[in-house]
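please work out how this folds:
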Amino acid sequence: MRLAKVIGQVVATVRNPHLSMDKLLLVQLINDTGSAESDVHVAVDNLGAGEGEVVLVVAGSSARLTLTADAHTPVDLSIVGIVDEITSTEKLNYLKQGRP
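Down below sits the predicted model:
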């Protein structure tokens with residue numbers, strides 16, 4: 001699993017039938033302090049993540065398993081969690097807005 005930040009959305013009404021109508025989001029991989037670590041990627045989201053949120057993503061065959069039992073789903077990156085808080089060595093690195 002990796003940390004990523006949602007930076008946008010992709011709308012594609014014509015798509016592979018295995019993708020159903022799951023939301024496609026633009027994400028950028030980040031480190032534990034929120035600094036960008038990669039280029040922008042597209043991730044499938046069936047959790048309802050929104051722009052600006054920090055999420056957990058999985059890649060490759062793990063990403064395909066999050067959507068369906070069909071191994072032919074063409075997915076490379078999938079959102080598997082929405083992060084509430086990140087801490088390291090007793091330091092708070094990230095706290096989702098709206099949390100006490």
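
can you give me the strands in the protein?
2-10, 23-30, 36-45, 54-59, 77-82, 85-88, 91-95 (DSSP state E).

Pro17 is nearest to which of those strands?
Closest approach to Pro17 among these is made by strand 36-45 (14.1 Å; CB to CB). Every residue, glycine included, has its C-beta placed from N, CA and C.

which positions in that closest one come out as buried?
Using 16 or more other CB atoms under 10 Å as the burial criterion, the residues of strand 36-45 that qualify are His41, Val42, Ala43, Val44, Asp45.

could you measure from the first one over to Val57?
Separation of His41 from Val57 (CB to CB, to the nearest Å) stands at 8 Å.

which neighbours do the two have in common?
Common contact partners of His41 and Val57 (CB atoms under 8 Å, 6 or more residues apart in numbering): Ala4, Val27, Leu29, Leu77.

any idea which of those residues has the most stuff around it?
Among these, Ala4 has the most neighbours (other CB atoms under 10 Å), with 27 neighbours.

need the contact list for that residue.
Val27, Gln28, Leu29, Ile30, His41, Ala43, Val54, Val55, Leu56, Val57, Ile79.

what's the closest non-adjacent residue to it?
Val27 (4.0 Å; CB to CB, 6 or more residues apart in numbering).

cool, and Asn93?
Ile86 (4.4 Å).

can you pull the contacts of that neighbour?
Counting by CB under 8 Å, 6+ apart, Ile86 makes contact with Leu3, Asp32, Val54, Leu92, Asn93, Tyr94.

who is the residue positioned nearest the centre of the chain paired with across the strands?
The residue lying closest to the centre of the chain (CA atoms, centre = their mean) is Ile79, at 3.4 Å. Beta bridges link Ile79 to Val57, judged by DSSP bridges.
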